[in-house]
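> What would the 3D arrangement of this be:
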Amino acid sequence: MSRLRIYGIARTRAFRALWVAKEIGLDYEHVPIEIGDAGACKAEYLAVNPNGRLPAIEDDGFVLWESLAITLYLAKKHSSGRLYPLDLRDEAKCWQWSLWALNEVDRGVNIWSLHAIRLPPADRDPQKLAEALKVIAKPFAVLDEAFADRPYLLGNEFTVADLNVAAVISRAIDMDLSATPRLAAWLGRCLERPAAREALRLKAESDAASPPDAIRLIARINRL
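The predicted model follows:
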């Protein structure tokens, strides 16, 4: 049996943990539990993550939650010198971009995807959609500028910094990114990686299997 267990349906932020596991080539067990009372709020899962949020992992008895903490941990443990940089300054940049993604663009992209695509049309709010686009415009311009002289965030090679930021904004691939063409090209490069395509396939399958009420629950729980 695999020592690594990843909790969370791929439609959730568990997508990030699944992508990094596939990128590294790890043997893992996927436990595709749902959000809310259907899974993440059950006592069995709350014993793993008392926040009742997805994802979480168990790695040979070690429990960790928060999606980007998981990706950074797995990359450093299994891919130091490749996916996870050895240089201290590059390591700091990985943390910088990962925290930036959560603080600056995660919520805006999620609001956009819900009210542009994922919620039933009757539940979409044009005002929230417009506000989300305003919120992400400036940080997307910052990200676009980061690729003025390099193909990836830290230079010429794909790292966990790219994986984390691309995973956070992955649903923006369906957005009009003509104002940020370098961002668009970079996001395409990241999401075309074989490991990303495999994780995206799992996400698409879970999206397709999600009833409208499940998407409404996402919006309600996250106040989106």
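> right, and the helix or strand after the lengthiest helix in the chain?
The longest helix of the chain (DSSP state H) is helix 126-146. Under the assignment DSSP states H and E, the closest C-terminal helix or strand after helix 126-146 is helix 160-168.
> For the helix or strand just after that next one, which outside residues touch it?
With elements assigned by DSSP H and E, the helix or strand that comes after helix 160-168 is helix 181-191. By C-beta atoms under 8 Å, 6 or more residues apart in numbering, the surrounding residues in contact with helix 181-191 are 140, 143-145, 147-148, 151-152, 158, 162-163, 166, 169-170, 172-173, 177-178, 196-197, 200. In this view, the C-beta of every residue, glycine as well, is placed from N, C-alpha and C.
> Would you mind giving me the confidence score for Asp185?
Heads up, residue 185 is Ala, not Asp. With respect to pLDDT, Ala185 scores 98.
> Burial check on it, number of neighbours?
14 (other C-beta atoms under 10 Å).
> Spit out the contact partners of Glu205.
Contacts for Glu205 (C-beta under 8 Å, 6+ apart) come out as Ala10.
> how close does it get to Arg216?
Distance, Glu205 to Arg216, using C-beta to C-beta, to the nearest Å: 20 Å.
> Ok, Ala56 next?
From Ala56 over to Arg216 the distance is 24 Å, taken as C-beta to C-beta.
> What are the structural domain limits within this structure?
In terms of domains, the chain is parsed into 4-82, 88-196 (source: automatic domain parsing).
> on that earlier part again, can I get the buried ones among the contacts of helix 181-191 as something I can paste into ChimeraX?
Filtering those down to the buried ones (16 or more other C-beta atoms under 10 Å) takes a single ChimeraX command:
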select :140,143,144,147,152,158,162,163,166,169,170,172,177,196,200
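> Thank you, goodbye.
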